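In: A predicted structure for the sequence below; I have some questions about it.
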Amino acid sequence: MLYQEKSEMLPMVNAYRLKRKTLFFAVKRIFDIVASFCGLVILSPLLLIIAICIKVNDPKGRILYSQVRLGKNQRKFRMYKFRSMYVDADERLKDLLKYNEVDGAMFKMKDDPRVTSVGRVIRKYSIDELPQLWNVFKGDMALVGPRPPLEREIEQYSDYDMQRLLVKPGCTGLWQVGDRNAVGFDDMVQLDIKYIRSIGVWQDIIIMFKTVYIMIVPNTTS
């Protein structure tokens, strides 16, 4: 595992140096707008097919699932995903917390009984995340960045963990392109801090290429 002891954590991010990367963040934002718009247009037939499949699989529920997340500097926004769970998923969560497979401020359960049959397929190929292109276009998120946390999650954050909120959250990142099912909360934080400390154009490009590859050839163990 990446995270061993508190003493092995990466140094704190230099927030002042991060703020000075104005040109990079301007270019990153322009690219995010263009890429998300093109993605929404090009993928619109696929999005329609997925929407129909979700509705046929579970007619009672909505096609999209939205949830309040926290972005840069704890700014609240509503994140969108294709609904991959049954309509009562949030209510059932409290009964499943005891089966959480990771430590820390995050819930993960490999064989989550709340996931629908269509949900399992779109999750395997990360297709459920595609509506987040709208969040990127609006400016809530970036294509690449840390996973946006829930409000209840940051209640357990340390000052070190809060560094994840120094930049916009992303649709994909270092932990998503790794073996994310084997990565716990502390490991995820370490990967996010590593990303923020070395944030740059080439790192984003590499992560995006890896993301596309994983969507085409997903990890069979996930």
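Out: It's in. Small disclaimer: the values here were computed from a predicted structure and weren't measured. Numbering: from 1, shown residues only.
In: where does the protein dip in pLDDT?
Out: 1-8, 88-90, 92, 94-110, 179-183, 219-222 (pLDDT under 70).
In: quick one, helices of it?
Out: Along the chain, the stretches classed as helices by DSSP state H are 15-19, 22-42, 44-57, 89-96, 117-124, 132-138, 151-154, 185-197, 201-216.
In: just the angle between the second one and helix 201-216, please?
Out: Yep, that's helix 22-42 we're talking about. Counting by axes from the mean of the first three to the mean of the last three C-alpha atoms, to 10 degrees, helix 22-42 lies at 20 degrees to helix 201-216.
In: just the C-alpha atoms of helix 22-42, please, in CSV.
Out: Extracted C-alpha coordinates of helix 22-42, given in CSV (Å, rounded to 0.1, in the frame of the first residue of the first chain):
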residue,chain,number,x,y,z
THR,A,22,-2.5,31.0,-13.3
LEU,A,23,-1.5,30.3,-17.0
PHE,A,24,-1.8,26.5,-16.5
PHE,A,25,-5.2,26.7,-14.8
ALA,A,26,-6.4,29.1,-17.6
VAL,A,27,-5.3,26.7,-20.3
LYS,A,28,-6.7,23.7,-18.3
ARG,A,29,-10.1,25.5,-18.0
ILE,A,30,-10.3,26.3,-21.8
PHE,A,31,-9.4,22.7,-22.6
ASP,A,32,-12.0,21.4,-20.2
ILE,A,33,-14.8,23.5,-21.8
VAL,A,34,-13.9,22.4,-25.3
ALA,A,35,-13.4,18.8,-24.5
SER,A,36,-16.5,18.4,-22.3
PHE,A,37,-18.7,20.1,-25.0
CYS,A,38,-17.3,17.9,-27.7
GLY,A,39,-17.7,14.8,-25.5
LEU,A,40,-21.3,15.6,-24.8
VAL,A,41,-22.1,16.1,-28.5
ILE,A,42,-20.2,13.1,-29.8
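In: returning to that earlier point: switch the helices of the chain over to TSV; also include distance to Tyr65 and mean neighbour count.
Out: To be clear about C-beta, it is placed using only N, CA and C from the backbone, and glycine gets the same treatment. Below are those laid out as TSV (distance: least, C-beta to C-beta, whole Å; neighbours: other C-beta atoms under 10 Å):
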stretch	distance to Tyr65	mean neighbour count
helix 15-19	32	11
helix 22-42	18	14
helix 44-57	10	14
helix 89-96	8	12
helix 117-124	10	17
helix 132-138	11	20
helix 151-154	16	14
helix 185-197	21	22
helix 201-216	19	14
